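# Output the structure for:
(one chain, ligands or ions: 1)
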Amino acid sequence: MTDLPFASALPDIVFPAAVSGRGMASLSFLFQLEQSQWWSQDRLRQGQETQLRQLLAHADAQVPFWRGKLRALIDAADSAAFWTRWHAQPLLTRRQIQDAGDKLISAAMPEGHGDLAEIFTSGSTGKPIRAVRSEMWEVLWSAFTVREHLWHRRDLGAKLAAIRTSTKGKALWPDGERLEHWGFSTGDIFKTGPCVSLNITTPIERQLEWLEREAPDYLLTHPTMLDRLLRAGGDFRPKRLKQVLTISEILAPGLRALCRERWGVTVIDTYSTRECGYLAFQCPEHEHYHLQAESALVEILDESGAPTRPGAIGRVVVTPLHNLAMPLLRYDIGDYAETGNGPCPCGRGLPVIKSILGRRQNLLRLPDGSERWPLLSSGDIGGLLALAPIRHYQVAQVATDRIELRLQTARALADIEVTQVLGWARKKFGAEFHIDLAFPPKLERSAAGKFEDFVSLL
Ligand SMILES: [Zn+2]
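Below is the predicted model:
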């Protein structure tokens, strides 16, 4: 890595730069992460075990919810016994977290972890869960934020634009919001370019106008927003754009190709959750993801609860390794992912996942009882949008044999368009479904700005 624009906190020490205190703490983690990414999976697993044992001892001593539940793990004499018992440890559900309330919060924290802060996550089920984390956890989070920028060789002095917040009244068109740096994680260490942001609920034409006016080098947004921008933009192409960063939702198959075709740039996707932090980053050389094994133990489990075979789909179970303020052990976050086939050719030992499929609530259930992932590829969506002047769409399974296709259209549809749209849905979902068209006045995003193009109400 050459020519990184380090920021010095002392005006008379400029080479090498004297980075600020918080930046230094983050850099010390980053220095280690630069090396551990090349470790073998066995060595990473050993590192995880040593950190897990610290977390378990703390949870047993200080967290009422876990007291007495972890003795067998803590007493495991060797690694083999530890992992056997780990795999027998029950999964933690979202409901349990909600019901536990303060019982999951550490009664006392060790020295040096700093103040605690809490956040609330909305989730798709409506009822929020509270997550509490320490300043130490946030320093680690910052180190991983910077790792992701370094992996993808971003020009940190360039301009970043974000279309992500849906907070009412925030970052409104036409001005949006303006920061002099890319956020504290990166700004504590480097002299970065500016960051501009716009509310995700801004009408699409105005988003495009804003993008043209701001001319950013990087755009950070949600996959469904990117899809809409690409399709609504016509010949428009953001003139200085180098890369699009996607977060927070499932990246639809084909969206990368569409972005390359329309805007001539690559998409770099990140997998994270509000309550667990970063789970996986896209490989610098491939389109699959590397689990961030130094931050969290991520297990992909089959229906029997055993680790899936390589290349199979399983549920995502997460244990953040450093959040002593609110230890979550084997938390079933509700997502499904497909594991990779063996190590990555890039040489990193961090385990590979091929794709993230999203939540079980978003599985299509067939009338015969079987289930499948109804992922709408970019090609599927393109096919649908070519049939009628559709501005926005959502597919909802409303009964075992009924699918509702919700559309917002520029005008009332002609009979022929209705017929063609119904035909598209039958072809996509199968003749066993009855298809209804619905024209709701609004298709809502969640409080976190997320949008799901397939939802199941079963
Ligand atoms: Zn790789």
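# For stretch 114-123, output the C-alpha coordinates as CSV.
What follows is stretch 114-123 as a C-alpha-only set of coordinates in CSV (Å, rounded to 0.1, in the frame of the first residue of the first chain):
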residue,chain,number,x,y,z
GLY,A,114,-14.7,2.8,27.5
ASP,A,115,-18.2,4.1,27.7
LEU,A,116,-21.2,2.0,26.5
ALA,A,117,-23.6,3.2,23.8
GLU,A,118,-26.8,1.7,22.7
ILE,A,119,-28.5,1.4,19.3
PHE,A,120,-31.9,0.1,18.2
THR,A,121,-32.4,-2.1,15.2
SER,A,122,-35.7,-2.3,13.5
GLY,A,123,-35.5,-5.6,11.8
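# avg pLDDT for that stretch?
Across stretch 114-123, pLDDT averages out at 80.
# Quick one: distance of that stretch to the chain centre.
Relative to its chain's centre, stretch 114-123 lies at 17 Å (C-alpha atoms, centre = their mean, to the nearest Å).
# State the mean pLDDT of stretch 237-256.
For stretch 237-256, the per-residue pLDDT values average out at 94.
# buried ones in it?
Of the residues in stretch 237-256, 238, 241-252, 254-256 count as buried by neighbour count, 16 or more other C-beta atoms under 10 Å. All C-beta spots, glycine's among them, are computed from the backbone N, C-alpha and C.
# Filter those residues down to the ones in strands?
243-246 (DSSP state E).
# will you turn those residues into JSON lines that also has distance to P11?
Output for these, formatted as JSON lines (distance: C-beta to C-beta, whole Å):
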{"residue": "Q243", "distance to P11": "33"}
{"residue": "V244", "distance to P11": "36"}
{"residue": "L245", "distance to P11": "33"}
{"residue": "T246", "distance to P11": "38"}
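# Go through those residues and name the one nearest G314.
Checking those against G314 by C-beta to C-beta gives T246 as the nearest, at 22.8 Å.
# For the host helix or strand of D269, buried residues please.
Counting by DSSP states H and E, the element that carries D269 is strand 266-273. Taking 16+ other C-beta under 10 Å as the basis for neighbour counts, the residues of strand 266-273 that come out buried are 267-273.
# now the helices for the protein?
Remark: helices of the chain, listed N- to C-terminal, are 21-36, 41-62, 71-74, 79-88, 94-100, 135-151, 184-187, 204-214, 223-232, 255-263, 378-385, 415-429; assignment by DSSP state H.
# per-stretch mean pLDDT over those, give me the minimum one.
Least confident of the helices of the chain, judged by mean pLDDT, is helix 378-385 with a mean of 86.
# I'd like to know which elements that helix is packed against.
helix 223-232, helix 255-263, strand 390-399, helix 415-429 (3 or more C-beta pairs under 8 Å, 6 or more residues apart in numbering; DSSP states H and E).
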